[in-house]
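Trainee: quick one, what's the 3D model for this:
(4 chains)
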There are 4 protein chains.
Amino acid sequence: MKVIADLTVLPIGVGVSLSRYIAACEKVLQDAGLETRLHAYGTNIEGDWDDVFAAIKRCHEVLHQMGVPRVSCVIKAGTRIDRAQTMDDKVRSVEEKL
Amino acid sequence: MKVIADLTVLPIGVGVSLSRYIAACEKVLQDAGLETRLHAYGTNIEGDWDDVFAAIKRCHEVLHQMGVPRVSCVIKAGTRIDRAQTMDDKVRSVEEKL
Amino acid sequence: MKVIADLTVLPIGVGVSLSRYIAACEKVLQDAGLETRLHAYGTNIEGDWDDVFAAIKRCHEVLHQMGVPRVSCVIKAGTRIDRAQTMDDKVRSVEEKL
Amino acid sequence: MKVIADLTVLPIGVGVSLSRYIAACEKVLQDAGLETRLHAYGTNIEGDWDDVFAAIKRCHEVLHQMGVPRVSCVIKAGTRIDRAQTMDDKVRSVEEKL
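Mentor: As a prediction, this is how the structure comes out:
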């Protein structure tokens, strides 16, 4: 099952500067061979459901290994059976109507 | 890895009455043996990471089998390595301070 | 415009124990006269759009006054014009189908 | 109070093709003079808290005027008092560490 997802990771208990933890998660997603688009409040991810969610679990594990005591994430996940659609298709489809 | 999660499922393309689809997801979560608390905008879930996320994937699959063309969900997932904590602990901890 | 909302507040930069901050937000919501239901990953809120969102803004302001340097929140908000519905209606409507 | 937000709008009860509704919301945000970045699962928004949330309310109103019976949205909102930060700063700060 193909999924388009969006992931926001919030490391808790390590102060206010979170970018090095977010970068570590980006590397996890890239190492998993997933298609990603970083934005200012998370990362769009495209791939097979199992691959995407294995990588998200790995993000939690890696952050805990880096010493983060609590990790909270917000995931949006969209699946459809009516037709194939990529992340770029979704953006283009909106932009055409602007 | 233990997780406390929150799941909101949004079936798209099947009109405005969504409760029978939400109920189908509740049954998936219960059949998976997970601890759940239904609320007005989703469901709290407690369990092992792999069990929780396998059940969420199953919710998407079951809804598509019921004929829902598109399913979007929002998942919040929290893990911590500093101490054990249940869903009930979290609520009690806030209520004590009110 | 009536709204059913769900609010999760994440204070950042104040360590791992967040319940006193969550409790402060609960008090803000209650002082605003809003109907609320606390759960393990946030709070359901019911009320007029402007009242609900004024209270959410106030949560951010109060946490910053308590010394929290960064506050991130996740809000879900649902409005409908086809019929009136309360938070309790939503839960009951699902439970009837279980 | 300055906010960096992320908005995902889900029109319910109007079928599976949602891009014309998402485009209508983009126009509302642009007409409000807000800085925005469309992505595959929502839109990043930067601006004054009141302006951002007035525009989000307007999105719900405009969709209902277009005949959408139910609208659900997911908003993430981040405020900080330790230092000024733009959406582009956030992305750059992560990219530097990759």
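
Trainee: now stretch A:26-34: buried residues?
Mentor: Residues A:26, A:28-29, A:32, A:34 are the ones in stretch A:26-34 that count as buried (16 or more other C-beta atoms under 10 Å in any protein chain shown). (C-beta placed from N, C-alpha, C; glycine too.)

Trainee: looking at those, spot the one nearest chain C.
Mentor: Taking C-beta to the nearest C-beta as the measure, chain C lies nearest A:E26 of the buried residues of stretch A:26-34, at 18.4 Å.

Trainee: my guess is the closest one is in a strand, correct?
Mentor: No: counting by DSSP: H, G, I helix; E, B strand; the rest coil, A:E26 is not part of a strand but helix.

Trainee: which residue is the nearest non-sequential neighbour of it?
Mentor: Nearest non-adjacent residue to A:E26, counting by C-beta to C-beta, 6 or more residues apart in numbering or on different chains: D:L98, 5.8 Å away.

Trainee: do A:I45 as well
Mentor: A:I45 sits nearest to A:A5 (C-beta to C-beta, 6+ apart), 4.5 Å away.

Trainee: same deal with A:V91?
Mentor: The shortest distance from A:V91 to any non-neighbouring residue, by C-beta to C-beta, 6+ apart, is to D:A40 (5.5 Å).

Trainee: local confidence estimate at that neighbour?
Mentor: D:A40 carries a pLDDT value of 98.

Trainee: contacting residues for it?
Mentor: Residues near D:A40 by C-beta atoms under 8 Å, 6 or more residues apart in numbering or on different chains: A:4, A:6, A:37, A:44, A:46, A:87-88, A:90-91.

Trainee: ok, of those residues, which come out buried?
Mentor: For those, a burial check counting by 16+ other C-beta under 10 Å picks out A:4, A:6, A:37, A:44, A:46, A:87, A:90-91.

Trainee: which members of the contacts of D:A40 are positioned in strands?
Mentor: Among the contacts of D:A40, DSSP state E puts A:4, A:6, A:37, A:44, A:46 in strands.

Trainee: pLDDT score for the second one?
Mentor: This points to A:D6. Reading off the model, A:D6 has pLDDT 98.

Trainee: mind listing the strands for chain A?
Mentor: Applying DSSP E to chain A gives strands spanning A:2-12, A:35-39, A:42-48, A:70-80.

Trainee: would a markdown table of the ones in strands among the contacts of D:A40 with distance to chain B be doable?
Mentor: Output for the ones in strands among the contacts of D:A40, formatted as a markdown table (distance: C-beta to the nearest C-beta, whole Å):
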| residue | distance to chain B |
| --- | --- |
| A:I4 | 9 |
| A:D6 | 9 |
| A:R37 | 18 |
| A:N44 | 14 |
| A:E46 | 15 |
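
Trainee: so which of those residues comes closest to A:C73?
Mentor: A:D6 (10.5 Å; C-beta to C-beta).

Trainee: quick one, what contacts that closest one?
Mentor: Contacts for A:D6 (C-beta under 8 Å, 6+ apart) come out as A:42-45, A:75-76, D:8, D:39-42.

Trainee: among the residues you listed, who's most crowded?
Mentor: For the contacts of A:D6, the largest neighbour count, defined by other C-beta atoms under 10 Å in any protein chain shown, is 27 neighbours, found at A:I45.

Trainee: report the buried residues of stretch A:61-78.
Mentor: Across stretch A:61-78, burial judged by 16+ other C-beta under 10 Å covers A:62-64, A:68-78.
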